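>>> pasting the structure only:
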């Protein structure tokens, strides 16, 4: 019988990949070098990018160089340049080039992370790097870590674990319906919107989510209000179940007083989840760890290296005091996943929601080794000094106010033009308008936000490329567009 040589079915050969990859890396490097020459915000409207793309799929093979040209001409013009040194919106969304190398290595290795056996290195490198970061941030050895995609997912995972602890693993029986008692989650209106979303997805009723009052100046949770709310819920037959504390809230970087909070809720068995998504990077700096006092009393803690620290998305750390409880809640062990390695290996599929996972740890492994922790600390300290300087400049300018304490790198400001002093509604609209005008210009980007029902501007300092000169330029632009 004649056996024909099989025809290759590889869509892209290794040599074609090598050529296209070199071209793509050169293009990425050139874009990073020229980022300051582009507008921060693209001049597009909804639907513009899609309108420039073919409405039907390709019917023939397209060469990689043609795809790269389309990436440059059709896609890249629709990017909001969060690596731009004049980007001060939302939060630092840094993507250090060292971590991009790790991301490329992850894709190139193409590991299947469904079990230890499917990729022993994926599991064990993750174990090592989360331990590195535990040590670098000063957390005790009582914590065990895992990489999630975002802090939103980490919060959902934590609240599911809290629910099951409070109900003595009701999911194994009749679920919340069988448990029968209202379960309460406590947080503040300063907490990220993902907290409420996670509570709802974890099965908590909307009416059982308690929004605790905050100090009008610091925006921190008021312990006496928390204690009173828990007492009321207990009297009504409810079960205090979980508390989400913000250590560095999204709006004004408020830090809830964790020691006082823990003293109130711990006697009731409440699960404490700490959301330090952006601010957690400050734990790398020993001189700022006092902001995180009380964190050792928590049950879970999440923070995002993919923000201020500079690891490319999606790299969020979740640390737990009792991972065995989470494993019991999340465990899945069908026959096709049972390992021949025995029971001693970590199975990260049981530490969260997805079964499959990417080799995310390589992003941290590359960044921590190539950049080094001390270089990262130096950059964070630069940002903190620049934010403090910027706040001082704002306070000295006529018509401008800093409207919230500057704890880290976020400066919240409001402008009051002559003639409308005392008209809160007009001042609020004025601040929304000038921020929008500035953002549309493409010269810089800020996030408008609401504080006490009135619009303010948030200046989030922390892009890797941002230096003092860029903040000096921002002051000029703010005067121009607000004036």
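Structure's in. What do you need? Because the structure is a prediction, the values reported are computed rather than measured. Residues are numbered from 1 along each chain as shown.

>>> name the helices or strands packed onto the longest helix along the chain?
For the chain, the helix that runs over the most residues, judged by DSSP state H, is helix 373-395. Helices and strands touching helix 373-395, by 3 or more CB pairs under 8 Å, 6 or more residues apart in numbering; DSSP states H and E, are strand 400-402, strand 410-415, helix 468-482. Quick note: C-beta positions are derived from backbone N, CA and C, even for glycine.

>>> just checking the distance from the worst-scoring helix or strand of the chain on mean pLDDT to the centre of its chain.
Within the chain, no helix or strand scores below helix 175-179, which has a mean of 87 by mean pLDDT, DSSP states H and E. Centroid separation between helix 175-179 and its chain, computed with CA atoms, centre = their mean, to the nearest Å, is 32 Å.

>>> can you tell me the closest non-neighbouring residue to residue 362?
Distances taken as CB to CB, 6 or more residues apart in numbering place residue 102 nearest to residue 362, at 4.1 Å, with adjacent residues excluded.

>>> thinking residue 282 is in contact with residue 248, fair?
Yes. Using CB atoms under 8 Å, residue 282 makes contact with residue 248 at a distance of 7.4 Å.

>>> so what sits against both of those two?
Common neighbours of residue 282 and residue 248 (criterion: CB atoms under 8 Å, 6 or more residues apart in numbering): 291, 408.

>>> neighbours of residue 269, how many?
Residues near residue 269, counting by other CB atoms under 10 Å, number 12.

>>> got the contact list for it?
Counting by CB under 8 Å, 6+ apart, residue 269 has contacts 165, 166, 240.

>>> what helix or strand is the first one located in?
Remark: residue 165 resides in helix 151-166, with elements defined by DSSP states H and E.

>>> any idea how the chain splits into domains?
As assigned by automatic domain parsing, the chain contains the domains 14-33+42-79, 102-370, 379-482.

>>> so how far is stretch 347-354 from its chain's centroid?
On CA atoms, centre = their mean, the centre of stretch 347-354 falls 19 Å from the chain's centre.

>>> repeat for stretch 196-207
For stretch 196-207, the distance to the chain centre is 20 Å (CA atoms, centre = their mean).

>>> end to end on it, go ahead and measure it.
End-to-end distance of stretch 196-207 (CA to CA, to the nearest Å): 11 Å.

>>> what does stretch 130-143 give?
Termini of stretch 130-143 sit 10 Å apart (CA to CA).

>>> hmm, who's touching it?
Contacts of stretch 130-143 (CB under 8 Å, 6+ apart): 144-147, 280, 283-284, 286, 289, 295-296, 301, 305, 317, 319-321, 361, 364, 368, 373.

>>> restricted to strands, list those residues.
144, 145, 146, 147, 301, 317, 319, 320 (DSSP state E).

>>> packing partners for the one helix or strand residue 22 maps to?
Element membership of residue 22 [criterion: DSSP H and E] is helix 14-33. Here helix 14-33 touches helix 64-70, helix 97-109, going by 3+ CB pairs under 8 Å, 6+ apart.

>>> next SSE downstream of the longest one?
Spelled out, that is helix 97-109. Immediately after helix 97-109, counting by DSSP H and E, sits helix 120-136.

>>> mind listing what's buried along that following helix?
Neighbour-count burial for helix 120-136 flags 122, 123, 125, 126, 127, 129, 130, 132, 133, 134 (criterion: 16 or more other CB atoms under 10 Å).

>>> make TSV from these and add pLDDT to it.
Output for the buried residues of helix 120-136, formatted as TSV (pLDDT from 0 to 100):
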residue	pLDDT
122	96
123	96
125	97
126	97
127	97
129	98
130	98
132	98
133	98
134	98
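
>>> ok, now which ones touch residue 314?
149, 150, 306, 360.

>>> I'd like to know how far the last one sits from residue 410.
Looking back up the chat, that one is residue 360. The gap separating residue 360 from residue 410 is 26 Å, by CB to CB, to the nearest Å.

>>> next SSE downstream of the least confident helix or strand of the chain?
Toward the C-terminus from helix 175-179 - assigned by DSSP H and E - lies strand 183-187.

>>> got the angle between that following strand and helix 151-166?
140 degrees (axes from the mean of the first three to the mean of the last three CA atoms, to 10 degrees).

>>> could you pull up the mean pLDDT of strand 183-187?
Strand 183-187 carries an average pLDDT of 97.

>>> what segments of the stretch 201-350 of the chain are strands?
Secondary structure of the stretch 201-350 of the chain (DSSP state E, counting those that start in this stretch): strands at 209-211, 239-246, 271-275, 300-303, 316-320.
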